[in-house]
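Engineer: predicted model and sequence below, questions to follow.
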Amino acid sequence: MTPLAAIDFSKRDEAPLDEASLVREYPQLIKYMGSKAKIINFVAESISSIHDGGVVCDLFSGASSLSGALGAAYPIISNDIQHYSAHIASVYLKPIQDFNVDELYESAKINYCQAKNKIGKDLEYVGFTSLAEFNEIEERNRLLINRNFRHKYHLFLKSYSGTWWSAEQCIWIDAIKQAIDDRIKSKEWGSAEYSLAMSVLMHAMAYTSQGTGHYAQYRDAKTDSSMQDINIYRQKKLQDIFLRKLNQILVWSKNSVIDLKHTITTLDYKDCLARLSGGTVYADPPYAFVHYSRFYHAMETLALYDFPDLQVKGGHVVKGRYREIRHQSPFCIKSQVEGAFVDLFSGIQKSGSNLALSYSHTAMISLEHLLRISERVLKSNFEVWVEELDHKHMTMGRQNDRHREVKELILLARKKK
Ligand SMILES: C[S@@+](CC[C@H](N)C(=O)[O-])C[C@H]1O[C@@H](n2cnc3c(N)ncnc32)[C@H](O)[C@@H]1O
């Protein structure tokens, strides 16, 4: 076993491939905590320095920046336990057939008009002259959770009006989702077209949400200034943002997606590793105690559209209206994090893959500890070293510390020949 002191932290004994030819430009779809979009060249360079053929597996793909950037360079396996991630990966990896955007929009508009007839005008954010009046409209929107609707596509209208979105925006979310589903049911679309439209809907949701980029908590209007800011989002036309992005993504997809027989899965990382043989794994697990399934529950609910039970505390649905059943990642639980990394390294060892593991200093586990685990599990069959890059980290808050200096690190483990 290599003693820890013998691990070379700055090893780079082979020139990386020409990254310029590997990394393609791609449009981002959602705002995502811990997204590697900003450091994707560093990630790509690290992967190319250890890759010796076969697939590149993005084990915790999230917003799928790796597929966006490297989908034309390697056959990719994109995996994440959350279903929304699979839709986004598909945009970057799966070629689509032409489809008629106007027809999709017209059919969503019909759905919208039908649903809109079922709610009152007093839900609209117009004519208020004070903070109190604005909050009354907010409350009326939120109270829709107690109403029963007879039309099938009412999940967002009922559960999320007056939270991250207004009732008006929620009706559009449901209406567009219905139009998308109709095209799958009629077999006009395949799964690639479906995922593309769903991802663009998630994009429109992200850019109309009054929250800070995730769905852990929506903001309350406590002052005139927060009311004004929230109202900017309440007035945004979700359907216009959807249409604009859809047209842009369709052009990008046609010009940039290459069918390299990519695979997309929604497995637990251990199960994904168990199916893998060779290639290189890029692992970017969560590093904080916050669960992605809570921060992005609304996207998961859109992806599943399953009318989930919402979490209840003290007899009331919790403010964030989270799905009751959500994935709890062992990487986010202090008592499980070590075991989670042991399983990760052990999966790598068994699959005979190389590993590029992103590490953040905000982690619940120290780098030294991680290296000791890698040493123990990978034994002497792998060379292990660490590369580092300084960059500004996005915290997804509206505080002044929105950007904090964080060192991004990647632990590389390459099979010895
Ligand atoms: C740091 S994010 C990945 C960000 C991604 N690299 C990007 O650039 O967007 C971590 C991801 O791990 C996923 N995840 C957490 N636990 C998981 C598990 N047990 N198996 C698979 N994915 C998991 C989360 O859903 C989340 O999307």
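Structural biologist: The structure has been received and is ready for your questions.
Engineer: helix or strand for Ala340, which one?
Structural biologist: Assessed by DSSP states H and E, Ala340 sits inside helix 337-351.
Engineer: can you give me the helices for the stretch 101-250 of the chain?
Structural biologist: 101-116, 131-142, 155-160, 167-185, 191-208, 224-234, 238-256 (DSSP state H, counting those that start in this stretch).
Engineer: I'd like those helices laid out as CSV, including mean neighbour count and mean pLDDT.
Structural biologist: For the C-beta atoms, the positions are set from N, CA and C on the backbone; glycine is no exception. Formatted as CSV, those follow (neighbours: other C-beta atoms under 10 Å; pLDDT from 0 to 100):
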stretch, mean neighbour count, mean pLDDT
helix 101-116, 16, 97
helix 131-142, 17, 98
helix 155-160, 23, 98
helix 167-185, 23, 98
helix 191-208, 23, 98
helix 224-234, 16, 98
helix 238-256, 17, 98
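Engineer: picking that back up, does the ligand sit close to the helix holding Ala340?
Structural biologist: No - judged by C-beta under 6 Å from any ligand atom, helix 337-351 makes no contact with the ligand; its nearest approach is 7.6 Å.
Engineer: can I get the next helix or strand after that helix as CSV, trimmed to CA atoms?
Structural biologist: Downstream of helix 337-351, the first helix or strand assigned by DSSP H and E is strand 354-360. Once non-C-alpha atoms are left out, strand 354-360 reads as follows in CSV (Å, rounded to 0.1, in the frame of the first residue of the first chain):
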residue,chain,number,x,y,z
ASN,A,354,-10.1,5.4,-13.8
LEU,A,355,-11.5,8.1,-11.5
ALA,A,356,-11.6,11.8,-11.5
LEU,A,357,-13.3,12.9,-8.2
SER,A,358,-14.2,16.5,-7.7
TYR,A,359,-13.5,17.6,-4.1
SER,A,360,-14.7,20.8,-2.4
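Engineer: what packs against strand 354-360?
Structural biologist: If contacts are counted by 3 or more C-beta pairs under 8 Å, 6 or more residues apart in numbering; DSSP states H and E, strand 354-360 sits against helix 40-50, strand 280-283, helix 337-351, helix 367-378, strand 382-394, strand 403-415.
Engineer: which other residues reach that strand?
Structural biologist: 34, 36, 43, 46-47, 50-52, 279-284, 287, 344-345, 348, 367, 370, 382, 386, 393, 406, 408-415 (C-beta atoms under 8 Å, 6 or more residues apart in numbering).
Engineer: which among these end up buried?
Structural biologist: The neighbour-count test (16 or more other C-beta atoms under 10 Å) marks 34, 36, 43, 46-47, 50-51, 279-284, 287, 344-345, 348, 367, 370, 382, 386, 393, 406, 408-415 as buried among the contacts of strand 354-360.
Engineer: enumerate the residues of the stretch 51-200 of the chain near the ligand.
Structural biologist: So far as C-beta under 6 Å from any ligand atom goes, the stretch 51-200 of the chain lies against the ligand at Phe60, Ser61, Gly62, Ala63, Ser65, Asp80, Ile81, Gln82, Ser85.
Engineer: who's in contact with the nearest residue to the fifth one once chain neighbours are set aside?
Structural biologist: Take Ser65 and drop its neighbours on the chain: the residue closest to it by C-beta to C-beta, 6 or more residues apart in numbering is Ala37, 4.4 Å away. Taking C-beta under 8 Å, 6+ apart as the definition of contact, the neighbours of Ala37 are Gln28, Ala63, Ser65, Gly68.
Engineer: buried among those residues? Need that as a selection in ChimeraX.
Structural biologist: Applying 16+ other C-beta under 10 Å to these, the buried members can be selected in ChimeraX as follows:
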select :63,65,68
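Engineer: same list (the contacts of Ala37) but as JSON lines, adding secondary structure and pLDDT.
Structural biologist: Listed next are the contacts of Ala37 as JSON lines, based on DSSP: H, G, I helix; E, B strand; the rest coil; pLDDT from 0 to 100:
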{"residue": "Gln28", "secondary structure": "coil", "pLDDT": "96"}
{"residue": "Ala63", "secondary structure": "coil", "pLDDT": "97"}
{"residue": "Ser65", "secondary structure": "helix", "pLDDT": "98"}
{"residue": "Gly68", "secondary structure": "helix", "pLDDT": "98"}
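Engineer: residues contacting the closest residue to the ligand within the chain?
Structural biologist: As assessed by C-beta to the nearest ligand atom, the ligand sits closest to Gly62 within the chain, at 2.8 Å. Shown in contact with Gly62 (C-beta under 8 Å, 6+ apart): Tyr32, Gly34, Ser35, Asp80, Gln82, Ser85, Asp284, Tyr292.
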